[in-house]
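**Q** Let me see the structure of the following:
(one chain, ligands or ions: 1)
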Amino acid sequence: MTTTTGQSLENALTALKANYIDANPKSAERDRLARKSLPGGNTRTTLFYDPFPLVFARAEGSRLESIDGDAYVDFLGEYTAGLYGHSNPVIMRRLHEVLDEGIVLGGYNRYEAEFAAELSSRFPSMQLLRFTNSGTEANLMALSAATAHTGRQGIVVFDGAYHGGVLSFSIGVEAPNVPHDFRRLRYNDEPALRQFMQTAGNEIAAVIVEPMLGSGGNIPAAPSFLRALREETERAGALLIFDEVMTSRLGPSGMQGRLAITPDLTTLGKYLGGGMSFGAFGGRADIMERFDPSKPGSLPHAGTFNNNVLTMAAGLEGLRRILTPEVIDELNQRGDSLRTELNRAFDVGGVSLQATGVGSLLSIHAVRGRISSAEDLMAADQRIKELLFFHLLEDGFWMARRGMIALSLAVRDEEIAGLVESVRSFVERYGELIR
Ligand code: PLP
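**A** Residues are numbered from 1 along each chain as shown. Sure, this is the predicted structure:
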């Protein structure tokens, strides 16, 4: 990129941000106040962006409304947790009923076993499972189960993976991770994986992998890579953990079902709690039975809200009444066609942008050429995605600042067409700056 082009890109971004500041005075004011009690005004790093994030007042269906009074079509779907759309009437009705019955009961309730059975029937590798409050916690528990079960300490993770707030492996970011004996490998690098497992496999308790790097940019794993992981872990006596916190929505039985690969343990999160805080870990009965408190020497696993009635009831209702296998497949087809349309717009404009992902999960990257690992994204000019983000906001579309889209069931076809149109106008308007 020439200096002049770089300079113009900078100017274009400055102009869009200036419009944004003018259009959102209430969000700006809230940011100033929030900074007095929250570091950087923020309690969830992912949501932060410069100059200040929008503050939302309410939402319904596919629509978000900011405190500045503007409406946005929600293409972010709460980073995959909002699959049902905002205030889905089926789930809302159930939540109201449950609220009337009383919450925080301090004992078993009538939903948890049914919810577990429903999850287990959808994800048959989860012969037994336990609930947690978040995907992070589910992964922490799965790793603890793996080290306890194998008596080994090594945990293989991949560059660019995100398994939670304390299990974060972005390249070049110092994260406050839990102190496991992590061994980092490159995603989708089968030779490196095989070589590593052949030399150090006997030290490894588990390999934890997202079947598609989610937060890392919706980069799918090659099926052959995941099969190699299955083979190598089996050979080494290590456990294979599929983190399907994001990817479980990509098929009626998640990515493991799509690819017919059976992990030893699986973790779930996000939308499966019907919009409430949720996480679950589970898998082979012989591993999970270690948590059976009626057995001597069992592993304790507590958590005040593990069986939170709101989560249990909303999650169960969503699976039983809304999320049939047909609905899941249809949403993924809509995501696939959106990805095709976006890539067509980028190709026609000859710009260095591309949309990656599978089904209803997409990410837009300012990179040409094949993307198969987090390393492939390192050369991207982040300002291009930022420009796209602010352009889409002006047109009334909300997505992640980092370029991620997660379609919810509430997003309508005409809204998808509107997004594609806005992306086309972006390519026309800024094409010269982003070739
Ligand atoms: N694992 C994956 C693959 C995720 O994408 C996330 C969250 O984005 C997590 C784990 C953590 O889940 P939670 O935010 O519920 O702790």
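
**Q** CA only for contacts and neighbour counts going forward, please
**A** Fine.

**Q** Glu394 and the ligand, how far apart?
**A** Shown here: Glu394 relative to the ligand, a distance of 26 Å by CA to the nearest ligand atom, to the nearest Å.

**Q** OK, contacts around that residue?
**A** Counting by CA atoms under 8 Å, 6 or more residues apart in numbering, Glu394 makes contact with Tyr20.

**Q** do that again at 10 Å, thanks
**A** Each residue near Glu394 by CA atoms under 10 Å, 6 or more residues apart in numbering is listed here: Leu16, Asn19, Tyr20, Ala23, Asp70, Tyr72, Leu388, Ser422.

**Q** Please apply the same query to Phe305.
**A** Contacts for Phe305 (CA under 10 Å, 6+ apart) come out as Val104, Gly106, Phe131, Thr132, Asn133, Ser277, Phe278, Thr311.

**Q** can those go into JSON lines with extra columns for secondary structure?
**A** Below are those laid out as JSON lines (DSSP: H, G, I helix; E, B strand; the rest coil):
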{"residue": "Val104", "secondary structure": "coil"}
{"residue": "Gly106", "secondary structure": "coil"}
{"residue": "Phe131", "secondary structure": "strand"}
{"residue": "Thr132", "secondary structure": "strand"}
{"residue": "Asn133", "secondary structure": "coil"}
{"residue": "Ser277", "secondary structure": "coil"}
{"residue": "Phe278", "secondary structure": "coil"}
{"residue": "Thr311", "secondary structure": "helix"}
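
**Q** and these near the ligand, which?
**A** Among these, not one lies near the ligand by CA under 6 Å from any ligand atom.

**Q** Would you mind listing what in the chain touches the ligand?
**A** By the criterion of CA under 6 Å from any ligand atom, the positions of the chain lying close to the ligand are 134-136, 162-164, 210, 214-215, 243, 245-246, 269-270.

**Q** Which ones among these lie within strands?
**A** Mapping these onto strands (DSSP state E) picks out Asp243, Gly269.

**Q** Could you tell me which of the residues of the chain next to the ligand are located in helices?
**A** Counted as lying in helices by DSSP state H, out of those, are Gly135, Thr136.

**Q** Then Gly69 would be within a strand, right?
**A** No. Using three-state DSSP, the secondary structure at Gly69 is coil, not a strand.

**Q** What is the neighbour count of Asp329?
**A** Asp329 is flanked by 18 other residues according to other CA atoms under 10 Å.

**Q** pretty sure it contacts Val358?
**A** No. Using CA atoms under 10 Å, Asp329 is not in contact with Val358; the gap is 11.6 Å.

**Q** what do these two both touch?
**A** Between them, Asp329 and Val358 share the contacting residues Leu250, Gly335, judged by CA under 10 Å, 6+ apart.

**Q** Low-confidence stretches in this protein?
**A** Residues of the chain meeting the criterion pLDDT under 70: 1-4.

**Q** go with 50
**A** 1-2 (pLDDT under 50).

**Q** Which stretches in it count as helices?
**A** 3-23, 25-34, 89-101, 112-122, 135-150, 190-200, 223-236, 254-259, 285-288, 309-321, 325-349, 382-394, 413-430.

**Q** which helices and strands sit right next to the last one?
**A** For helix 413-430, the elements it packs on are helix 3-23, strand 71-74, helix 325-349, helix 382-394, strand 397-398, judged by 3 or more CA pairs under 10 Å, 6 or more residues apart in numbering; DSSP states H and E.
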